[in-house]
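Chemist: coordinates only, sequence not included:
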């Protein structure tokens, strides 16, 4: 007797960003799977799937938003529960990968935290990782299994072309983001400029030079993330001093921690555009901030992975950091 097996797609979402999980599932035309998640009075987390996951192709959506350590632990427990319940393949969908800035040792006796997070996800039982716009490309090497790197650059570049002045210059906030800036510039067919800055301390930035022509142009700062807004504030001020007509900013991950809102409000920035890889509470959201959804990008990627089709073709091969 010949046995026919059918693949079963199941999407689950942790508590870090349920709205994004529902958006992704909606684009796929399915409902989120049922899972019980709760926190005991002593802070321990509990996970139990309320339906069979045996033999399924399971995707767990959990972004690394605050409280970041609780959300990472919840992700690990969700993966472990799926593994013990005989899911056939487990993919961790992490729109914003936490600890990504700690990808190397810069001083003696420091951890490489991004690698540790990758090891924990693998040990928990994840077969595949899906994430977006890593802070550093070498983080891909921390995973021993398949990793699909998504990018929001085409989405944000399309927004720029539709909404911003045509006399545009794309500005990299530092040397490390030049490759990303070039991708934006290539999409739009515009020049780039580079800011030379130094960091006197964590979450502090000081612009020393502007390399490139920005006078009379609409300058668009591009970055992978916006945390405390220090780089944006100092960079936008430096660009205006160099004669830029207007300054905008685009980034994939809007963290907006600490004084970010106040710094953005006080800066000469006209608008800051980010995606919804992270939930942004109202109290942290400046009126200058606009959020666009990346749910369809993740949904299309999940569909390709489920059907064993190419992910890089979705991005024209431009999804490498």
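Modeler: Cool, got the structure. What you see is a predicted model; the values in this text were computed from it and never measured.
Chemist: tell me what residue 46 is bridged to.
Modeler: residue 38 (DSSP bridges).
Chemist: swap in residue 61?
Modeler: residue 13, residue 93.
Chemist: which stretches of the protein have low pLDDT?
Modeler: Within the chain, the ranges that satisfy pLDDT under 70 run 1-5, 197-208.
Chemist: mind telling me which residue is nearest the centre of this structure?
Modeler: Closest to where the C-alpha atoms of the chain average out (CA atoms, centre = their mean) is residue 96, at 3.6 Å.
Chemist: tell me the contacts of it?
Modeler: For residue 96, the contacting residues are 63, 64, 65, 131, 132, 225, 253, 255, 277, 278, by CB atoms under 8 Å, 6 or more residues apart in numbering. Just so you know, the C-beta spots here come from the backbone N, C-alpha and C atoms, and that holds for glycine as well.
Chemist: quick check on the fifth one: phi, psi?
Modeler: The one in question is residue 132. Geometry field for residue 132 lists phi and psi as phi -130, psi 130, criterion degrees, to the nearest 10.
Chemist: report the buried residues of stretch 102-110.
Modeler: For stretch 102-110, the neighbour count (16 or more other CB atoms under 10 Å) marks 102, 103 as buried.
Chemist: the strands in the chain, which residues?
Modeler: Counting by DSSP state E, residue ranges of the strands within the chain are 9-13, 35-39, 45-49, 57-61, 89-94, 128-132, 147-150, 168-172, 192-198, 206-211, 218-226, 246-254, 271-275, 289-292.
Chemist: I'd like those as TSV, with mean neighbour count appended.
Modeler: Output for those, formatted as TSV (neighbours: other CB atoms under 10 Å):
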stretch	mean neighbour count
strand 9-13	23
strand 35-39	13
strand 45-49	16
strand 57-61	27
strand 89-94	24
strand 128-132	22
strand 147-150	20
strand 168-172	25
strand 192-198	18
strand 206-211	15
strand 218-226	25
strand 246-254	25
strand 271-275	23
strand 289-292	16
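Chemist: a markdown table for those strands, including distance to residue 76?
Modeler: Shown next, in a markdown table, are those (distance: least, CB to CB, whole Å):
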| stretch | distance to residue 76 |
| --- | --- |
| strand 9-13 | 14 |
| strand 35-39 | 13 |
| strand 45-49 | 9 |
| strand 57-61 | 10 |
| strand 89-94 | 9 |
| strand 128-132 | 13 |
| strand 147-150 | 17 |
| strand 168-172 | 35 |
| strand 192-198 | 36 |
| strand 206-211 | 38 |
| strand 218-226 | 23 |
| strand 246-254 | 21 |
| strand 271-275 | 25 |
| strand 289-292 | 28 |
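Chemist: endpoint to endpoint, stretch 111-131 covers what distance?
Modeler: 22 Å (CA to CA, to the nearest Å).
Chemist: please apply the same query to stretch 158-175.
Modeler: The straight-line separation of the ends of stretch 158-175 (CA to CA) is 24 Å.
Chemist: same question, stretch 122-134
Modeler: Termini of stretch 122-134 sit 18 Å apart (CA to CA).
Chemist: cool, stretch 170-182 as well?
Modeler: 8 Å.
Chemist: sorry, back to before: among the contacts of residue 96, which two are most distant?
Modeler: Maximum pairwise distance among those (CB to CB): 15.2 Å, between 131 and 255.
Chemist: what sits against the nearest residue to residue 259 once chain neighbours are set aside?
Modeler: What sits nearest to residue 259 in space, not counting adjacent residues and going by CB to CB, 6 or more residues apart in numbering, is residue 228, at 6.0 Å. By CB under 8 Å, 6+ apart, the residues touching residue 228 are 203, 257, 258, 259, 260, 263.
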